[in-house]
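> can you look at this prediction? I've put the sequence above it.
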Amino acid sequence: APLAPCPARPGDPAYVLFTSGSTGRPKGVLTTHRNVVEFVTGCAALTGADAGVRSLGIASLGFDAATMDLFLPLLLGGTVQLLGADDRADPVRLARFIAAHEVNWGFITPTVLSMLDPAELPAWRVVLCGGEAVPAELAARWAPGRLLLNGYGPTETTVLAVSGELTAADRDPVPIGRPLPNHRAYVVDERLRPVPPGETGELLIGGPGLADGYLNRPALTAERFVPDPFSDLPGERLYRTGDLVRQDPDGRIVYLGRADRQVKVRGQRIELGEVEAVLADLPGVERVAVEALPGPAGTELVAFLTPADAPDDELLRAYAGPRLTAAMLPARVLRLAELPVSPTSGKLDRAALRALAAAGRSAEPVAAADPAGAAEPLAAGVARIWGRLLGAAPDPTSDFLAAGGNSIAAMRLVAALRAELGRQVDARDVFTGRTLAGLVERVRAAAPADGDGLTTGNPPTLSPPQRRLWFVDQLAPSSAPYNIAVAHRLRGPLDTAALGAALRAVAERHDVLRWRIPQTAGVPYAVREEPTEVAVPVVDLTGGEDAEAALAGMLAAGAAHAFDLATGPPWQVTVYRLGADEHVLAITLHHAVFDGWSEKLLYDDLAAAYAQAVAGQTPRLPVLAATYADYAVWRAERDRHRGAADLAWWREHLRDAPTVLELPRDRPRPAVATYAGAEAAVRLPEATDRAVRALAERRGTTVAAVLLAGFGELLRRLTGGDDHVLGAIVADRRLAAFDDVVGFFIDTVPVRVRGGAASFADLVDRCATELHEATAHPGAPLEKIVEALGVGRDTARAPLVQVLFNVLNFAPPRLALAGLAAEPVAVPKPGSPFDITVYVVERDGRWGVEVVYNPDLFDAERVEGLLADLVALVGALAATPDAPADRVAAELPRPTVATPQLGAMSVAAAEPPRGVLPAGPDGLTDTEELIAGIWREVLDRDQVGVTDNFFDIGGHSLALAAVHARLTAATGRSIKMLDLFRHPTIRALAASLDGAADRPELARAALRAAARRSRTRRNPPRRPGGTA
């Protein structure tokens, strides 16, 4: 009998669609009539659909895209072309169906669309694509001549929540678009705080598409559907998608992946755990694993079952078919005697499963070799990694430090132990274990490691250290404190054409060398340029009177080259000809794309490519397993998970710590940091070198910790204080995948050195612990630490860290080009971003100290005396480590080092404020009103005071960059970023900008800003992330 009509209200459920659940229990999404109507009408407006629409009815009723296929054309008076199962399954028949039925509008997944030829379907004018990532190649084929829309939307948000037009110019990963009309999208961190454009965060969706929740799952509903903290309307909610995205400067959202084991197959979200749970219940199955792997028709599921005589495919499908959707049924099943596990961790070896699937056969895992004669696989695995990284097969008593281990080697060892043995170890385990046997015990006791979370193929994404260097570059665009310059003298016949081809191959492999960093509205972002020829100018010095003097001057000038990061490239190469067979190859790179570790990578790749080129081949270097962009995305995800906890640790660790370190100097500190640079160096005497090494070995630490303790004691005597904060450099190549990647992988972290130790040996232990702790909390970059501590900003000095302590514990790499003899040429460092940078280095088997200092603060005689006193003090302390440190060599430092020049400890007078324009009717000048409006907008504050310090009311470096961009655009004037830094209050900045009160453009800009605010009061702006 026909069913009686049932009146439906907007809030009544329209349907329940079950989606995959991580625990194996599907969850039913309650979608209301209001959700459906809002979506259909919004989608019609988005696509311009009308009564002439001829829709492709391809989606099954278990896929929420059917709502679009069916209801949209019927609501508009159009038609639905219903597809049969045979036509749906065969690409040739599908194409014929679309053409024969004159389909002009429809939704389709990228996998199916890729099987069709756009030239055969000219009538299909509106193509909505979604359910999985759209490759740029597919967009390039289908976008010309039609409207191609990318669509994104979990079932919980009713089909689509974000969409945008794709063009042939889009690059992988293509954007998913912007929120649909009346929808809201936010990119947030783990505490639901918006992240800046370009940074990775979780996508939150709000608006009329939000479902009521999950059927009979109130706890899960409360977890995923959260109150909207950005809305003033009561009852507004957001759905936590669990998807990682970033928002580009143009407002479009880019999907980056998921952190869980949720995958997309045929456009449907699937929890692998749910499929495993169903298959595990099949009688005769003991263990199950399911992987999503590339297949001939896109992503497919492969099931691995034990035992080897597990039920056949027919029984499996008969059992699983009624319990799983078609997309959740495995495409292939492999039956094994046992599931492969790591011989060391005991965890399921999913890499081995993927290898088995690729080979299409079952096999037993091969036991690991046992290079140390260990009694069990775990020790063999540790020994194998140890020997590979330290260059010699160890025995159980082998000592890490005695074998040449240092902090860099410890980091690489930790990365390999995590990746290969699946154990959560850190550098402290290496140093406290010391011997192979001790390390094995710590690895055995360690918890299983989480997955590394690395995704590859990511678009250019700035890391926090890159953002910090970009900001410094805005403050001092003509300086070069963050340049790295290297040079080699080449003897022999140099083929400059082959060199150019080799350099291009290097830039192709390491794409960060092709990045540029422009900004939009004060927000920097990365752009990757396509590979091009690398310019290699040849400067002929053969005709000069003093070629070597000319060369030295040119090398210094090249090292000081001011890169424009916005236009790129961030490196330059020059060849200086000194003779027919003698040249100097000079390379200067911005630190934002390069670090000390990268130098050897650059030389090795350049040598390999040059050898190919001179042999007449086109240079080809292997493709990297990961790129710097992959690191930036991986780091953003790590910081998202660890940032809050690590920042809390830093805040507590640095509680009440001094934020300024003033050393005795020779002249007043300039009101604005100059970043000038000069160098000095000293080697430890042999006796001191032996004493320092012996003390480090006795205390189970590194030479760096001993020298840091000695430097800390010298600082105590120079300043009279027992508590100092220095900066230390920490390498962030924490995954083995980053070992071969050129890029900027270092962080500056605060190191707190406190006196009061009973002996110098105790101070060494304290400094060793401090260095280990500094590396153990990487989730909070320096800018966040400075902001959390409320450190005031000062144009005269770097915030929190004015003295840097850097350990260069790797041998300087050397270039070797085919047919040429090469030797390094010293290039002066172009500047000093800190007052003093102390480098601890080992050269030719002897430790030494090199410093780069600012000569606008210190004379060379003072710095050279400081180094001499440091070496003498360290030698005395290391020789008597158990004595109280303050009683050793009490005559040091000498008065010439400890006593500042008269008047030198002041700060040079800043530029006096200029006249101020008369106040308007509200008590503010036009300029003050303009600045106040921009501050309110950038800081999202209702009120700001004219004497408020920008950095005290929530401002930070990137927010200041946004103020700078808006103020420059509003006035049409060229305003230096430094001016904003020097004048951190509205009143001071306005006085600086007003000058002699003849700035009519400021008044006009203020009037325009006031008019905009008036319009805003009448028409409130859309919420962040709303449709542009």
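Okay, I see it. Numbering: from 1, shown residues only.
> tell me which residues of the helix ranked longest in the chain are tucked away?
Longest helix in the chain by number of residues, with DSSP state H as the criterion: helix 628-653. Buried residues in helix 628-653, counted by 16 or more other Cβ atoms under 10 Å: 628-640, 642-644, 646-647, 649-650. Quick note: C-beta positions are derived from backbone N, CA and C, even for glycine.
> can I assume Arg669 is in contact with Ser906?
Yes. Contact criterion Cβ atoms under 8 Å: Arg669 and Ser906 qualify, at 7.4 Å.
> who's more crowded, these two?
Counted by other Cβ atoms under 10 Å, Arg669 and Ser906 do not tie: Arg669 has more neighbours, with 21 against 9.
> from the middle of its chain, how far away would stretch 333-340 be?
Centroid displacement of stretch 333-340 relative to its chain, using Cα atoms, centre = their mean, to the nearest Å, is 38 Å.
> buried sites along it?
Val333, Leu334, Arg335, Leu336, Leu339, Pro340.
> restricted to strands, list those residues.
Counting by DSSP state E, the buried residues of stretch 333-340 place Val333, Leu334, Arg335 in strands.
> separation between Ala694 and Val703?
10 Å (Cβ to Cβ, to the nearest Å).
> neighbour count winner among those two?
Val703 (22 against 14).
> which pLDDT value goes with that one?
We have a pLDDT of 93 for Val703.
> show me the helices in the stretch 701-850 of the chain, by range?
Assigned by DSSP state H, counting those that start in this stretch, the helices in the stretch 701-850 of the chain fall at 703-719, 760-775, 782-789.
> highest mean neighbour count out of those?
helix 703-719 (a mean of 24; mean count of other Cβ atoms under 10 Å).
> how about that one as PDB, C-alpha atoms only?
These are the backbone C-alpha positions of helix 703-719, laid out as PDB (Å, rounded to 0.1, in the frame of the first residue of the first chain):
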ATOM      1  CA  VAL A 703      83.200  19.300  24.700                       C
ATOM      2  CA  ALA A 704      80.600  21.800  23.900                       C
ATOM      3  CA  ALA A 705      79.000  21.400  27.300                       C
ATOM      4  CA  VAL A 706      82.500  22.000  28.900                       C
ATOM      5  CA  LEU A 707      83.100  25.100  26.900                       C
ATOM      6  CA  LEU A 708      79.600  26.400  27.600                       C
ATOM      7  CA  ALA A 709      80.200  26.000  31.300                       C
ATOM      8  CA  GLY A 710      83.500  27.900  31.000                       C
ATOM      9  CA  PHE A 711      81.900  30.700  29.000                       C
ATOM     10  CA  GLY A 712      79.100  30.900  31.600                       C
ATOM     11  CA  GLU A 713      81.600  31.300  34.300                       C
ATOM     12  CA  LEU A 714      83.300  34.100  32.300                       C
ATOM     13  CA  LEU A 715      80.000  35.800  31.800                       C
ATOM     14  CA  ARG A 716      79.400  35.700  35.600                       C
ATOM     15  CA  ARG A 717      82.700  37.400  36.200                       C
ATOM     16  CA  LEU A 718      82.100  40.000  33.400                       C
ATOM     17  CA  THR A 719      78.600  41.000  34.400                       C
END
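> now do that helix and helix 760-775, the angle between them.
Interaxial angle, helix 703-719 versus helix 760-775 (axes from the mean of the first three to the mean of the last three Cα atoms, to 10 degrees): 110 degrees.
> give the residue spans of the stretch 201-350 of the chain that score low on pLDDT.
Low-confidence segments of the stretch 201-350 of the chain (pLDDT under 70): 258-262, 264, 266-269, 295-298, 341-348.
> would you map the strands across it?
Under the criterion DSSP state E, counting those that start in this stretch, the stretch 201-350 of the chain contains strands at 201-206, 213-214, 225-227, 237-247, 253-258, 262-265, 268-271, 287-295, 298-306, 332-335.
> deepest-packed of the ones you listed, please.
strand 201-206 (a mean of 25).
> which strands or helices does it pack on?
Packed against strand 201-206 by the contact rule (3 or more Cβ pairs under 8 Å, 6 or more residues apart in numbering; DSSP states H and E) you find strand 184-188, strand 237-247, helix 628-653.
> what lies in contact with it?
Residues outside strand 201-206 that contact it (Cβ atoms under 8 Å, 6 or more residues apart in numbering): 153-154, 157, 161-162, 179, 183-190, 192, 194-195, 226, 228, 231, 236-246, 253, 255, 636, 640, 1023.
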